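J.: sequence first, predicted model second:
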Amino acid sequence: MGSQAVETLARCPDVRQITIADKNAAGAEALARRLAGAGPEIVVRPLDARNHTDVVEALRGHDVAASALGPFYRFEAPLVRAAIEAGVDYVSICDDWSAAKQVIEELDGLARQRGRRVVIGLGTSPGLSNLAAAYLARQMDRPLRVTVTVYQPPESGHGMAVLQHVLFIYGGPAPVWRNGRLEMVRAGGIAREVELPMAGRMRVWNAGHAEPVTLPRHFPTLEEVTFLMSVGAWTHLFLWLGRLRLTATPERIDRVANVLARLLPTPKEGTPEPPGALRVDVEGVQEGRAVHRMLCGVGQMRPATGVPLALGAVMLARGEVLTTEGGVYGPEAVIDPVALLRGLREETGLQAYTDVGMTQPLEV
């Protein structure tokens, strides 16, 4: 996802310099060589994200820091703190609920004091899910309920950080916004049948994502925000591991992830990664009537996550966001959904639809 963001930024005409800060310097150098001559200067800086002083120094002098470094329960709060200290606006694809909650509670005040804008969770989900919810909610007098449903094929999203994230969100209590407060419900404790674009009707379960943490901050009339997800047949294994508390701590997640990484299916070489599916439902009241609206779409994880991150970074750098005040925000509070969805379509061809049959594209 990070390399996709770099590729997208390199095509942006007003980006002058991109610094790739990565522990994997060889991989970063290879990416820089591949993009050489594309436009902006691309600098590689070897970096261990656990060294706070080095991170601050690496960020200083840039307009925006864009992070795809997971697992976010381990890295998000330290990176946000470093960006604020360096005097740099920040955007990430943080999808772990606990990291989002921690950054809001611990660093929102500091970001406001320093005038730094921090946007957490601008990928697919959270990210496009939040923007779809915001687009629909703003058409209502009183939005009441948001349900985000995701299908991630087990063959998609390779990488240790993705696997650690899935183990984390299924491994313990998960946030659900109910009756004006955040409640913790065991992952897998809520199960529903949902019709998803391309994937069809399937069973999905609640898991620990960031949408229930951020959306009610910006839409105070919301009574319920629920995140539901399936990773196909492997969902049962992840839930089982969570119930046995084998993924109850970061250290346990690391051990289990090292084993599962050798067992999970991967696409055959040369075979494109299968697309996942996203559906966002918003229910509310408009002109005294109950209304229910929905947006959905499909796409491969890499472009559907990395491109929104890059577009959000450019919008922050240009000042094309909905606030000038510092603070920690979900994307729904600062990113114009129409502008980003239009940019995503132009960059990737990915499209939002108003029906699960994907016959009615959203006109933006």
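T.: Good, I have the coordinates.
J.: name the SS class of G188, please.
T.: At G188 the chain is in coil, as set by DSSP: H, G, I helix; E, B strand; the rest coil.
J.: please settle this for me: is H292 part of a strand?
T.: Yes. Residue state for H292 (three-state DSSP) corresponds to a strand.
J.: what sits against the closest residue to it other than its chain neighbours?
T.: Distances taken as CB to CB, 6 or more residues apart in numbering put E283 closest to H292, at 4.8 Å, once the chain neighbours are dropped. Every residue, glycine included, has its C-beta placed from N, CA and C. Contacts for E283 were tallied using CB atoms under 8 Å, 6 or more residues apart in numbering; they are P143, L144, R145, A290, V291, H292.
J.: ok, the first one - how many residues close by?
T.: P143 is surrounded by 25 other residues when neighbours are defined as other CB atoms under 10 Å.
J.: again with the last one
T.: H292 has 11 neighbouring residues, counting by other CB under 10 Å.
J.: what does the fifth one give?
T.: Number of residues near V291 (other CB under 10 Å) recorded here: 17.
J.: who's N206 bridged to?
T.: As for beta bridges, N206 partners with L228 under DSSP bridges.
J.: is it true that it touches F227?
T.: Yes. Applying CB atoms under 8 Å, one finds N206 in contact with F227, separated by 6.4 Å.
J.: which of the two has more neighbours?
T.: Taking other CB under 10 Å, N206 and F227 do not tie; F227 has more neighbours (31 against 24).
J.: on that earlier part again, okay, the residue nearest to H292: pLDDT?
T.: We note a pLDDT of 98 for E283 in this prediction.
J.: OK, contacts around G171?
T.: A187, F238, L241, G242, L246, T247, A248, I253.
J.: mind putting those residues into JSON lines with pLDDT?
T.: Below are the contacts of G171 laid out as JSON lines (pLDDT from 0 to 100):
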{"residue": "A187", "pLDDT": "95"}
{"residue": "F238", "pLDDT": "94"}
{"residue": "L241", "pLDDT": "95"}
{"residue": "G242", "pLDDT": "93"}
{"residue": "L246", "pLDDT": "94"}
{"residue": "T247", "pLDDT": "93"}
{"residue": "A248", "pLDDT": "90"}
{"residue": "I253", "pLDDT": "93"}
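J.: dump those into TSV; add distance to Y329 as well.
T.: Listed next are those as TSV, based on distance: CB to CB, whole Å:
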residue	distance to Y329
A187	26
F238	30
L241	33
G242	30
L246	35
T247	30
A248	30
I253	28
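J.: ranges for the strands of this structure?
T.: With DSSP state E as the criterion, the chain has strands at 17-22, 41-46, 64-67, 89-92, 117-119, 142-151, 173-178, 181-186, 191-196, 200-206, 224-230, 276-286, 289-299, 327-329.
J.: which strands and helices sit next to the last one?
T.: The helices and strands touching strand 327-329, judged by 3 or more CB pairs under 8 Å, 6 or more residues apart in numbering; DSSP states H and E, are helix 97-114, strand 117-119.
J.: one more time with 6 Å
T.: With contacts taken as 3 or more CB pairs under 6 Å, 6 or more residues apart in numbering; DSSP states H and E, strand 327-329 sits against helix 97-114.
J.: got the CA positions of the helix it packs on in PDB?
T.: Output in PDB follows, covering the C-alpha atoms of helix 97-114 (Å, rounded to 0.1, in the frame of the first residue of the first chain):
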ATOM      1  CA  TRP A  97      -9.600   0.700  16.500                       C
ATOM      2  CA  SER A  98      -7.300   0.900  19.500                       C
ATOM      3  CA  ALA A  99      -4.700   3.000  17.700                       C
ATOM      4  CA  ALA A 100      -7.400   5.400  16.500                       C
ATOM      5  CA  LYS A 101      -8.800   5.800  20.000                       C
ATOM      6  CA  GLN A 102      -5.400   6.200  21.500                       C
ATOM      7  CA  VAL A 103      -4.400   8.900  19.000                       C
ATOM      8  CA  ILE A 104      -7.600  10.800  19.500                       C
ATOM      9  CA  GLU A 105      -7.500  10.700  23.300                       C
ATOM     10  CA  GLU A 106      -3.800  11.300  23.800                       C
ATOM     11  CA  LEU A 107      -2.800  13.600  20.900                       C
ATOM     12  CA  ASP A 108      -5.800  15.600  19.700                       C
ATOM     13  CA  GLY A 109      -5.100  18.300  22.200                       C
ATOM     14  CA  LEU A 110      -1.400  18.500  21.300                       C
ATOM     15  CA  ALA A 111      -2.200  18.600  17.600                       C
ATOM     16  CA  ARG A 112      -4.700  21.400  18.100                       C
ATOM     17  CA  GLN A 113      -2.100  23.300  20.200                       C
ATOM     18  CA  ARG A 114       0.600  23.000  17.500                       C
END
